[in-house]
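Visitor: have a look at this prediction, sequence included:
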Amino acid sequence: MKQLFYFCFIIVLSIACSSDENSQNVIVENQTEEPIPPVDLDLAEIIERGYINVAVDYSSTTYFVYRGEIMGFEYELLKMLEDYFKIKVNIIVLPSIEDAISKLNKGEVDIIAYPLTITRERKKIISFTTHYISQRQVLVQRKLENWRDMKLHEIDKTLIRDQVDLIGKEVHVLNHSSYIDALEAMSDQVGGDIIITEDAPNVDTEQLIKNVVEGVYDYTVSDENIANVNKSYYPILDVETPVSFPRRIAWAVRMNAPKLLDTLNYGIGGLKKEGMIKIIYDKYFKSSRKAREIAKSDYASFSGQKLSPYDDLFKENAIKLRWDWRLLAALVYQESRFDPKTTSWAGAQGLMQMMPATAREQGVRDRTNPVQSLNGGTKYLIWLEKQWDSRVTDPDEQLKFVMASYNVGIGHVYDACALTEKFGGDPTKWIDVRGNLLKLSTHKYFSDPVVKVGYARGSEPVNYVDEILLRYDRYKQLIPE
């Protein structure tokens, strides 16, 4: 079994390596401090620990929320890692690659899931995976305001097409990035100085591109795929002029983690053969129509900073519950994906997926009405909290019991507590009760004398709680409080 687990880990962890190329391309030669020696922490220790820490960047292609759904190139691959290996992936959002490298060598991060350009200097302090894509770097510039009324050759005359014309021009670039290398090499090649201005460390590539769109800057540089995605948002952009040859893009691990590196590399080759990299890549980098839809939405975390049209209702009802509103939103998304008209096979309906009898008890006449549904669902959650007040006093633990009860019914959770107590566990600890809740789908246990309600598909409430809490963690990372 352990060998099978290890083999699966190899296959799917490597899937996570087929990454996006959206964030920071940082050159280590600009670092002023000595690199931190890497800690001894390789694949075996990571599996033993039970979770893997992955640094990602937050952007419109790597990791974001759209209408409550967590999305992104890296995120989808990392989710596959969780689903297949049952190993927890801790996503750590780090906007600075220098910070990511520091945390990597300290053991706080195991994989840097950024689209890193492979350079000789970087290879002195981190180990790169096999490259999963090659990418040019391109000049990002703005067309004239009346470009739609112009012919193509007329537009070209207003733009830099010959790199020689960059001599004397100011180009704003990502702080400590490999774009600096590309522009310095171009300066040598064209025999004149390009004015290279590094932006602040907390400014990412997409913000630099937006500054070009708004006329704050005339030029910046980006990886070609990111430039093309942003061009779909902002048609006024031109991204046709290259500033580098294709460069190899990869993820990184510690230099003394060869087993983890081998694991990642094993899968990259297989994924290339199977076309998996291309499928996920095309979803985020080739679908310009979908990119425009997301970019213009108020409900994308990188633009509108909203989860749904019901955020105000979440906030209002979360106060009654004394919950973070993003937690209530995570529960509602789990129930209905924010669709007030949805109806389950069992007859549950509305944002809070209330059954007819429960809705009547809570005074809900129209379950498809968002206000009524959220008010009624909140009242029911408050009622459930009161039922657990005398049984589970720890607020964090009680929350899990309440959510499980909302999903499967409080009687089944009581039964799982009774089994837990009978078998010597702690009925006030979710970690103990969840195991016995899973047993309620087996005749031996649901027919036990201490069980009052009977059969339950215990995996549903267990997964329900896990998924809501995981989504809540993601919402906290991506949506302001």
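Guide: In hand now; what should we look at?
Visitor: give the rounded mean pLDDT of stretch 438-447.
Guide: Summarised as a single mean, pLDDT over stretch 438-447 is 96.
Visitor: and this structure, what are its domains?
Guide: 2-132+249-295, 137-245, 311-478 (automatic domain parsing).
Visitor: okay, and for this structure, where does confidence drop off?
Guide: 1-35, 81-86, 304 (pLDDT under 70).
Visitor: so what strands line up beside the helix or strand hosting Ala252?
Guide: Per DSSP states H and E, Ala252 falls inside strand 247-253. Each strand that pairs with strand 247-253, with its direction, by DSSP bridges: strand 111-117 (antiparallel), strand 127-128 (antiparallel), strand 133-135 (antiparallel).
Visitor: possible to save those strands as a markdown table with mean neighbour count?
Guide: Glycine gets a C-beta too; all of them are placed from N, C-alpha and C. As requested, these are arranged in a markdown table below (neighbours: other C-beta atoms under 10 Å):
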| stretch | mean neighbour count |
| --- | --- |
| strand 111-117 | 28 |
| strand 127-128 | 21 |
| strand 133-135 | 18 |
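Visitor: just send those strands back as a markdown table, with distance to Ala55 too.
Guide: What follows is the strands paired with strand 247-253, written out as a markdown table (distance: least, C-beta to C-beta, whole Å):
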| stretch | distance to Ala55 |
| --- | --- |
| strand 111-117 | 5 |
| strand 127-128 | 15 |
| strand 133-135 | 19 |
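Visitor: leaving aside the residues adjacent along the chain, what's closest to Val229?
Guide: Ala291 (5.4 Å; C-beta to C-beta, 6 or more residues apart in numbering).
Visitor: what about that neighbour, how many neighbours?
Guide: 20 (other C-beta atoms under 10 Å).
Visitor: what sits against it?
Guide: Ser60, Val229, Ser232, Tyr233, Tyr284 (C-beta atoms under 8 Å, 6 or more residues apart in numbering).
Visitor: tell me how far stretch 171-184 is from the chain's mean position?
Guide: Per C-alpha atoms, centre = their mean, to the nearest Å, the displacement of stretch 171-184 from the mean C-alpha position of its chain is 26 Å.
Visitor: can you list contacts of that stretch?
Guide: 24-27, 30-31, 97-98, 117, 119, 137, 139, 166, 194-201, 203-205, 208, 211, 217, 219-222, 243-244, 247.
Visitor: what about those, which are in strands?
Guide: Among those, the members found in strands (DSSP state E) are Thr117, Gln137, Leu139, Ile195, Ile196, Thr197, Glu198, Tyr219, Thr220, Val221, Ser222, Arg247.
Visitor: now, of these, which are buried?
Guide: The neighbour count (16 or more other C-beta atoms under 10 Å) marks Thr117, Gln137, Leu139, Ile196, Tyr219, Thr220, Val221, Ser222, Arg247 as buried among the ones in strands among the contacts of stretch 171-184.
Visitor: distance to Lys259 for these - can I get that in TSV?
Guide: Below are these laid out as TSV (distance: C-beta to C-beta, whole Å):
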residue	distance to Lys259
Thr117	25
Gln137	33
Leu139	41
Ile196	40
Tyr219	43
Thr220	39
Val221	36
Ser222	34
Arg247	27
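Visitor: confirm Lys123 sits in a helix?
Guide: Yes - read with DSSP: H, G, I helix; E, B strand; the rest coil, Lys123 is one of the residues of a helix.
Visitor: what's the neighbour count on it?
Guide: 13.
Visitor: also His176?
Guide: 20.
Visitor: how far away is it from Ala252?
Guide: 15 Å (C-beta to C-beta, to the nearest Å).
Visitor: what do you get for Asp162?
Guide: 35 Å.
Visitor: more neighbours, those two?
Guide: Counted by other C-beta under 10 Å, Asp162 and Ala252 do not tie: Ala252 has more neighbours, with 26 against 8.
Visitor: now do the same contact list for the more buried one.
Guide: So Ala252 contacts Ile101, Leu104, Ile111, Ile112, Tyr114, Leu116, Arg122, Ile126, Ser127, Phe128, Thr129 (C-beta under 8 Å, 6+ apart).
Visitor: how far away is the most centrally placed residue in the chain from His412?
Guide: By C-alpha atoms, centre = their mean, the chain has its centre lying nearest to Tyr63, at 3.5 Å. In this view, Tyr63 and His412 are 35 Å apart by C-beta to C-beta.
Visitor: can you lay out the domains of the chain as TSV showing distance to Ser303?
Guide: Formatted as TSV, the domains of the chain follow (distance: least, C-beta to C-beta, whole Å):
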stretch	distance to Ser303
domain 2-132+249-295	6
domain 137-245	9
domain 311-478	12
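Visitor: Pro37 touches Asn105, doesn't it?
Guide: Yes - contact status for Pro37 versus Asn105: in contact at 6.7 Å, counting by C-beta atoms under 8 Å.
Visitor: out of the two, which sits in the more crowded spot?
Guide: Asn105 (20 against 12).
Visitor: what helices and strands are in contact with the helix or strand containing that one?
Guide: Using DSSP H and E, Asn105 maps to helix 97-106. Counting contacts by 3 or more C-beta pairs under 8 Å, 6 or more residues apart in numbering; DSSP states H and E, helix 97-106 is packed against strand 51-56, strand 111-117, strand 247-253.
Visitor: out of those, which is closest to Val364?
Guide: strand 51-56 (40.1 Å; C-beta to C-beta).
Visitor: residues making contact with the closest one?
Guide: With C-beta under 8 Å, 6+ apart, strand 51-56 has contacts from 13, 16, 23, 46, 62-63, 72, 74-75, 78, 81, 87-94, 100, 103-104, 108-114.
Visitor: for Val465, give its distance to Asn90.
Guide: Val465 is 18 Å from Asn90, by C-beta to C-beta.
Visitor: looking at the two, which has the bigger crowd around it?
Guide: A direct count of neighbours by other C-beta under 10 Å for Val465 and Asn90 places Val465 higher, at 23 against 14.
Visitor: distance-wise, check that one relative to Glu397.
Guide: 11 Å.
Visitor: burial of Trp323, as a residue count?
Guide: Neighbours of Trp323 using other C-beta under 10 Å come to 21.
Visitor: now do Val203
Guide: 16.
Visitor: His172 too?
Guide: His172: 21 neighbours (other C-beta under 10 Å).
Visitor: hey, what's it bridged with?
Guide: According to DSSP bridges, beta-bridge pairing links His172 with Thr197, Thr220.
Visitor: check which helices and strands the host helix or strand of Lys273 is in contact with.
Guide: For Lys273, the host element (DSSP H and E) is helix 258-274. In this structure, helix 258-274 packs against helix 2-17, helix 43-49, strand 247-253, with contacts taken as 3+ C-beta pairs under 8 Å, 6+ apart.
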